[in-house]
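Visitor: From the sequence below, what's the structure:
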Amino acid sequence: MWTDSIDRPPCADRPGPLLAREVARPSAPSRRPRPGAGWRDPQAERFAVRVIDNPVNTYEEVIVVCAQVLRVPLEEGFRIAQAVDHEGSCVVGVWPRAEAERIAAGIAVIGIEVRLEPE
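Guide: Residues are numbered from 1 along each chain as shown. Now for the predicted structure:
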C-alpha cells in the first residue's frame, strides 16, 4: 500500500513511460493545410543517382563498388560499368533524397564522380 497517494505508485515520479491516464490526447484530429499549386512534399522528392565515367577507375572497381553499395549481383555491376564506359554515364536508380545521398556517397568513396538529379 502506498502511503502518500492512492493514484500514483512511488516510482511514478521517476523518468520512464507515462501511464495511460497521464498521456494527453488531442481533442480533435489535426488538419494539415492543403498545399498550393507547385508545392512539392520534400519527403516525396526523389533523385536519380548518376555514375559518371572517368579515366581513373577500372571496370573491376566500378563493378565491385556498385554491387556492394547497390546490393546487386556482380553481373548487374558489370552492366553498370559497361554502360558508364560506353555512354559516359549511367543512372543506377532513383530513391528518396536521403537514400540517394547515402548511395551516392558510398559509390563516390573510390573517387567515382556521382551526381544526384531530381526526378
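Visitor: tell me which element Val69 falls in.
Guide: helix 59-70 (DSSP states H and E).
Visitor: residue ranges of the helices in this protein, please?
Guide: Ranges of helices within the chain are 59-70, 74-87, 97-108, based on DSSP state H.
Visitor: The last one: which residues count as buried?
Guide: Neighbour-count burial for helix 97-108 flags Ala100, Ile103, Ala104, Gly106, Ile107 (criterion: 16 or more other CB atoms under 10 Å). In short, each C-beta sits where N, CA and C put it, glycine included.
Visitor: before we move on, what about stretch 79-90?
Guide: Arg79, Ile80, Ala81, Ala83, Val84, Cys90.
Visitor: Tally up the residues packed near the closest residue in space to Asn57 that isn't next to it in sequence, please.
Guide: Nearest non-adjacent residue to Asn57, counting by CB to CB, 6 or more residues apart in numbering: Ile112, 5.6 Å away. Other residues lying near Ile112 total 19 when counted by other CB atoms under 10 Å.
Visitor: and the angle for the helix holding Val69 with helix 74-87?
Guide: Angle of helix 59-70 versus helix 74-87, following axes from the mean of the first three to the mean of the last three CA atoms, to 10 degrees, is 120 degrees.
Visitor: which residues touch Val69?
Guide: Ile103, Gly106, Ile107 (CB atoms under 8 Å, 6 or more residues apart in numbering).
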